[in-house]
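>>> One predicted model, sequence on top.
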Amino acid sequence: MTVKISKFIWDITYACPLRCAHCYSESGRRPARTLDRDAAMRVIDVMLAAGAVSVMFSGGEPLSIRWAPEAMKRLHDAGILVTVFTTGWSIQEKLANTLADAVAGVSVSIDGPDAAIHNAIRGRAGAFERGMRALDILHRVKDERQAAGQNCFKFGIDYTLTRSGANEADLEQFVETAVKRFPRLDFIRLGAVIPSGLAAEREFETKEILTIEELVDMLDFGRRLAARYENGPMFVVTDVRYFLPQPGANVVDPDILQIEPDGALRAFPIYEAKVGNVLHEPLDVLWSRAQAWRADPLVAELMEGVQSMADWANTTRILDRRYGSDDDRERIRRRALAVNDARED
């Protein structure tokens, strides 16, 4: 293998206890497609051979998979920066202690400033309480390990900004509460929901995706909060303009690849186009296909036309319906019908 890829996103399952309105992978509504342990270790072999520097575990709910901590630890022990993104639903004390020796970072998704908003976005009652309880457990484990002179993960909150959860007064109260409740919290990251998966559908786009102008305003809010808590957790608001689609390779991370639960490789993170499976073909071959897809004239033309979040959502819809697999297109068709049925009701 000659290709070197520094960053991987690995959605290890589409099983999930939640039904998030903006889910990028439509998890919890589709077959889990989770690999068995031996096949998962073969995927890790591919990452190691590619010289991975960073691997992000996501899903679905990655911590619902039995072999996940073993997979994370294998990468961690190889010197790779491992981060797990979780709803917090599955975190218990024993698992948190296991993660302390297996990952560099644990990021808990909290997408609303209170239970009412978070649970509505996440599609399940009790989701907010589960997430906050997970942060309590992670905080306690980190506190105990640091007191014992042991290494531990960094942990924090990833907050996906939707219109429902972007009221500045509510966010200020949420951040104040979180900083007081979790004094060892390492970070709070606010990032705009991107138009991928369910979040790219027109219904969600028109109701919940913030405009670029609104997100630029949020940057000023972020700077004020960062100054207020300069001695607390790292506070970041992502400038979404940095991630607007560009023709060709992503200007941010040209060598980042996303692997689906069954080993399928996306041509580009966030879009449904696949170029093969890392368990069946060499990564060199798949990476060449991914580069070719990114440079395809139609793909480049669509990306060149993106000037707004609405443009981006429309581009995603076109790309997913054109380049997704037969299963992808059928799933997209069914969810469109479900939205139409809901409107009629």
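Everything's here; your move. Numbers count the residues shown, from 1 in each chain.

>>> Could you pull up the residues touching Arg124?
With contact set as Cβ atoms under 8 Å, 6 or more residues apart in numbering, Arg124 has these partners: Pro17, Leu18, Arg19. Bear in mind the C-beta positions are built from the backbone N, C-alpha and C, glycine included.

>>> Quick one: mean pLDDT over the helix or strand hosting Asp320.
Element membership for Asp320, per DSSP states H and E: helix 309-323. Here helix 309-323 scores 95 as its mean pLDDT.

>>> Also stretch 271-291?
Stretch 271-291 carries an average pLDDT of 96.

>>> returning to that earlier point: packing partners for the helix holding Asp320?
helix 202-208, helix 297-304, helix 326-344 (3 or more Cβ pairs under 8 Å, 6 or more residues apart in numbering; DSSP states H and E).

>>> Low-confidence stretches in the stretch 151-300 of the chain?
Residue ranges of the stretch 151-300 of the chain with pLDDT under 70: 240-243, 246-254.

>>> got the residue ranges for the strands in it?
For the stretch 151-300 of the chain, strands defined by DSSP state E, counting those that start in this stretch occupy the ranges 154-161, 187-192, 234-237, 256-259, 264-266, 274-277.

>>> ok, and what's touching the longest one?
Yep, that's strand 154-161 we're talking about. Strand 154-161 is contacted from outside by 22, 85, 104-111, 121, 135, 138-139, 142, 165, 171, 178, 185-193, 210, 215, 218, 233-234, using Cβ under 8 Å, 6+ apart.

>>> From the residues you listed, list just the buried residues.
Among those, those classed as buried by 16 or more other Cβ atoms under 10 Å are 22, 85, 104-111, 121, 135, 138-139, 142, 165, 171, 178, 185-193, 210, 215, 218, 233.

>>> Now, these that are in helices?
Taking DSSP state H, the ones among the buried ones among the contacts of strand 154-161 that sit in helices are Ile121, Leu135, Leu138, His139, Lys142, Leu171, Ala178, Leu215, Met218.

>>> Can you tell me which of these comes closest to Pro245?
Nearest to Pro245 among those is Leu215, at 15.5 Å by Cβ to Cβ.

>>> does that closest one really touch Asp239, like I thought?
Yes. The pair Leu215 / Asp239 is scored as a contact, 7.4 Å apart, by Cβ atoms under 8 Å.

>>> okay, now Arg289: neighbour count?
Neighbourhood size, Arg289 [other Cβ atoms under 10 Å]: 16.

>>> what residues are up against it?
Arg289 sits next to Ala267, Val275, Gly276 when contact means Cβ under 8 Å, 6+ apart.

>>> Swap in 6 Å and give it another go.
When contacts are counted by Cβ atoms under 6 Å, 6 or more residues apart in numbering, Arg289 is found next to Val275.

>>> how close does it get to Tyr323?
Arg289 is 12 Å from Tyr323, where distance means Cβ to Cβ, to the nearest Å.

>>> what sits up against the helix holding Asp320?
By Cβ under 6 Å, 6+ apart, the residues outside helix 309-323 that reach it are Pro195, Ala200, Glu205, Ile209, Thr211, Tyr271, Glu272, Ala273, Leu302, Val306.

>>> and the closest residue to Glu172 other than its chain neighbours, how far is that from Arg163?
Distance criterion Cβ to Cβ, 6 or more residues apart in numbering; nearest residue to Glu172, sequence neighbours excluded, is Leu225 at 7.1 Å. Leu225 is 19 Å from Arg163, where distance means Cβ to Cβ.

>>> Alright, that wraps it up for me.
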